[in-house]
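Student: need a 3D model of the sequence below.
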Amino acid sequence: MEEFGFFSHIYEKLPQDFTAVFEIARILEDETNQLSQKLAQLMMLPTMQGQNPPLPEPEDQHRYQPAGDRYAADLITSYHDVSRVYSNQFLLPEEIFLERLVLRELWMPVVKSGVILPVDDTAQGFSFDTRKQKVYVLFDTSRSMQLHHRIHLAKAILYIFLKRNKSELGHISVRTFDDHVGELHTAVDQASYEALMRFVLRITHLGEGTVLQKALLQALHDIQEMEHLAGAEILVITDGAMQLDEELIRSKMDEHILIHSVKIGHVEAIASEAQIADMIALGQIHDRTLLDLLAQKVDIERQLRVTEGAVRRQSLEHMLAGVRTQIAQRKIPFGHVLEQLSSVFINLDDLSEIERFRADPETIADLEALARALEEEAKEFLTPELTKKLAVLHDHIQFLERFESDETLRARLKAIDEHLRGLLGQFLGTPETDASGTPVTAHPAQLPMSEDDARDLKFLLEASLSISQSWAFLIRWLWQRAKAAGRRIRL
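Tutor: This next block holds a predicted model:
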């Protein structure tokens, strides 16, 4: 979290259960985990063999130039170099001298210019290079992604994918899609890469609908029209099964464009009668029995429109009900076009929150050690950043406690949380309220806080459902005091 500025770039509205992303990412980083192994094919980009041959070593243009401040010994390359050999070699016996001259084994001084080599920092951070691979991410932010923490799993997958491929990627593009296609976000250097990661991890808006086809067509258009995106691979992360026009999408793809997809959950859409009619018109249904049943249904409905006798109508309605039952038994699922378009397609099960998010004794021991380490650090040097870390840890423990089924472990989590509350109260001060419960003053805090620091902490702590009303008052009071102090300083 600290890597992407979660403690220095706090926004007004953090995603609900946002620490779940890092809890899932911790699981995905374990290569022995079943979920991690299922995603292994997608998590690392394929090696681009033959596409980027190593550059030849530049020829030394100063080899035969007489001037220079760096010299090195080198063998002659021609008999014309004999006048430049080291003078002590003329003391050799004539036969040996001539033999070495023929074999070009005589030594001479040559000028060597200093070579300044670039520092290769690709292993340390993201950097743009036209020879590197590019990825164009389409990220589903529809309302259904909120179920079973799918949005957190999707963020964790993208986080791990970009983290592992950071040095191999030369350009990253991301668009969200729900009922509309979002704006294009890009990364071309370390700063924009970190900003992009913060944007993805902090996504809060979830819209209605899933316009994946529109998003795919927009991505293909961008790749074809933007020169710096040429050759980009498309990564789709979604939970939906939706109807796509495969022929239209393939007509926009060239032979070099690859689509990789991760589908979370097993939602399957069933075609309606209108969609079945469209599929028949397009020649996409080849089930002969289903086609015969649909023809019978049309014929019976036509007879019902012209039949007046009650007995005959009752018989036709009974026949129509039977045909409709048989049609319903031959359901036509759609939404598999994305799988057919994808070079790599991975369908993940929905997370079992109890299984994934319940803490084990080892995890709780780590949290206890982390709380102690933060306390020791605060005793030596207390900073606003440290209070934010305590607040985030408080939020994460509250999240884990919701899914903990073992009462002993739950009690340990509560003990950690109470300890964190005590530390925050000690560092921030405690409020004094009037008869109505409104804070009027506070005991002095150990830590002077700026307006920005108080605002950030206010957003972090007020996001927690477990925070008491007096704490909320205290944070608002601190923020108002910091704002007033800031105005006085500016005046």
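
Student: C-alpha from now on. contacts and neighbour counts both.
Tutor: Will do.

Student: domain-wise, how is the protein divided?
Tutor: Using automatic domain parsing, the domain ranges for the chain come out as 2-40+123-268+338-344, 73-111, 280-329, 358-490.

Student: how about those in TSV, adding distance to S352?
Tutor: Below are those laid out as TSV (distance: least, C-alpha to C-alpha, whole Å):
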stretch	distance to S352
domain 2-40+123-268+338-344	7
domain 73-111	69
domain 280-329	31
domain 358-490	10
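
Student: which one of these has the poorest average confidence?
Tutor: When mean pLDDT is averaged over each of those, domain 358-490 scores lowest at a mean of 67.

Student: which ones are touching L316?
Tutor: For L316, the contact set (C-alpha atoms under 8 Å, 6 or more residues apart in numbering) comprises I300, Q303, L304.

Student: one more time with 7 Å
Tutor: I300, L304 (C-alpha atoms under 7 Å, 6 or more residues apart in numbering).

Student: would you mind measuring from it to V323?
Tutor: Applying C-alpha to C-alpha, to the nearest Å, the value for L316 to V323 is 10 Å.

Student: likewise for L424?
Tutor: From L424 to V323 the distance is 69 Å (C-alpha to C-alpha).

Student: now for D360, how many residues are close by?
Tutor: Number of residues near D360 (other C-alpha atoms under 10 Å) recorded here: 11.

Student: ignore what I typed, I meant K132.
Tutor: 16.

Student: likewise for E317?
Tutor: With other C-alpha under 10 Å as criterion, E317 counts 16.

Student: and it, what element?
Tutor: helix 310-329 (DSSP states H and E).

Student: how many neighbours does E94 have?
Tutor: 10.

Student: for R100, see how far away it is.
Tutor: 10 Å.

Student: who's in contact with the nearest residue to F139 once chain neighbours are set aside?
Tutor: Leaving aside its sequence neighbours, F139 sits nearest to T176 (C-alpha to C-alpha, 6 or more residues apart in numbering; 4.6 Å). Counting by C-alpha under 7 Å, 6+ apart, T176 touches L138, F139, D140, T141, G182.

Student: give the helix, strand or coil label for T176.
Tutor: strand (DSSP: H, G, I helix; E, B strand; the rest coil).

Student: how near is it to L216?
Tutor: T176 is 11 Å from L216, by C-alpha to C-alpha.

Student: ok, now E168?
Tutor: The spacing between E168 and L216, counted by C-alpha to C-alpha, is 24 Å.

Student: and L400, by the same measure?
Tutor: 37 Å.

Student: and for S167?
Tutor: Distance, S167 to L216, by C-alpha to C-alpha: 26 Å.

Student: neighbour count for the two, which is higher?
Tutor: L216 (22 against 18).

Student: please, which helix or strand holds the more buried one?
Tutor: helix 212-225.

Student: all helices of the stretch 1-150 of the chain, in order?
Tutor: 20-28, 34-38, 40-43, 94-102, 150-164 (DSSP state H, counting those that start in this stretch).

Student: which one of the ones you listed is the most hemmed in?
Tutor: With neighbours defined as mean count of other C-alpha atoms under 10 Å, the helices of the stretch 1-150 of the chain peak in mean count at helix 150-164, which reaches a mean of 22.

Student: list the contacts of that helix.
Tutor: Counting by C-alpha under 7 Å, 6+ apart, A20, V21, F22, I24, A25, M43, M44, M145, V200, L201, I237, I264 sit against helix 150-164.

Student: return the closest of these with respect to V211.
Tutor: I237 (12.9 Å; C-alpha to C-alpha).

Student: okay, and the beta partners of that closest one?
Tutor: In this entry, I237 is beta-bridged to F139, V262, by DSSP bridges.

Student: tell me how many other residues crowd it.
Tutor: 24.

Student: OK, contacts around it?
Tutor: L138, F139, D140, A154, S261, V262, K263.

Student: top of the residues you listed by neighbour count?
Tutor: D140 (30 neighbours).

Student: is it true that that one touches T238?
Tutor: Yes - if you go by C-alpha atoms under 7 Å, D140 and T238 touch, sitting 4.9 Å apart.

Student: tell me where the stretch 301-450 of the chain has strands.
Tutor: With DSSP state E, counting those that start in this stretch as the definition, the stretch 301-450 of the chain shows strands at residue ranges 333-334, 344-348, 431-433, 439-442.

Student: can you list contacts of the second one?
Tutor: Applying C-alpha under 7 Å, 6+ apart, the contact partners of strand 344-348 are H260, S261, V262, K263, I264, G265, E339.

Student: now do the buried residues in that strand.
Tutor: Using 16 or more other C-alpha atoms under 10 Å as the test for burial, strand 344-348 gives F345, I346, N347, L348.

Student: what are the bridge partners for the third one, then?
Tutor: Here N347 shows beta-bridge partners K263, assigned using DSSP bridges.

Student: ok, now how distant is it from K263?
Tutor: 5 Å.

Student: just how off-centre is the helix holding L216 within its chain?
Tutor: Computed by C-alpha atoms, centre = their mean, to the nearest Å, the chain-centroid distance of helix 212-225 equals 19 Å.

Student: again, but for stretch 372-390
Tutor: 29 Å.

Student: and if you look at stretch 316-329?
Tutor: 48 Å.

Student: got the CA coordinates for it in PDB?
Tutor: Taking Å, rounded to 0.1, in the frame of the first residue of the first chain, the C-alpha atoms of stretch 316-329 are listed here in PDB:
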ATOM      1  CA  LEU A 316     -53.800 -25.600 -29.600                       C
ATOM      2  CA  GLU A 317     -52.900 -23.800 -26.300                       C
ATOM      3  CA  HIS A 318     -52.100 -27.100 -24.700                       C
ATOM      4  CA  MET A 319     -49.800 -27.900 -27.700                       C
ATOM      5  CA  LEU A 320     -48.200 -24.500 -27.500                       C
ATOM      6  CA  ALA A 321     -47.400 -24.900 -23.800                       C
ATOM      7  CA  GLY A 322     -45.800 -28.300 -24.600                       C
ATOM      8  CA  VAL A 323     -43.600 -26.800 -27.400                       C
ATOM      9  CA  ARG A 324     -42.500 -23.900 -25.200                       C
ATOM     10  CA  THR A 325     -41.500 -26.400 -22.500                       C
ATOM     11  CA  GLN A 326     -39.400 -28.300 -24.900                       C
ATOM     12  CA  ILE A 327     -37.800 -25.100 -26.200                       C
ATOM     13  CA  ALA A 328     -37.000 -24.000 -22.600                       C
ATOM     14  CA  GLN A 329     -35.300 -27.300 -22.000                       C
END
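
Student: and G283, helix, strand or coil?
Tutor: coil.

Student: where along the stretch 351-491 of the chain do the helices fall?
Tutor: For the stretch 351-491 of the chain, the helices defined by DSSP H, counting those that start in this stretch occupy 353-357, 361-380, 384-403, 407-428, 451-462, 469-490.

Student: what does the shortest one rub up against?
Tutor: Contacts of helix 353-357 with the rest of the structure, by C-alpha under 7 Å, 6+ apart, involve L400, F403.

Student: buried residues in that helix?
Tutor: For helix 353-357, using 16+ other C-alpha under 10 Å, the buried residues are F357.

Student: measure the spatially most central residue of the chain to A391 for me?
Tutor: Central residue of the chain (C-alpha atoms, centre = their mean): L158, 2.3 Å from the mean position. Between L158 and A391 the computed distance is 26 Å (C-alpha to C-alpha).
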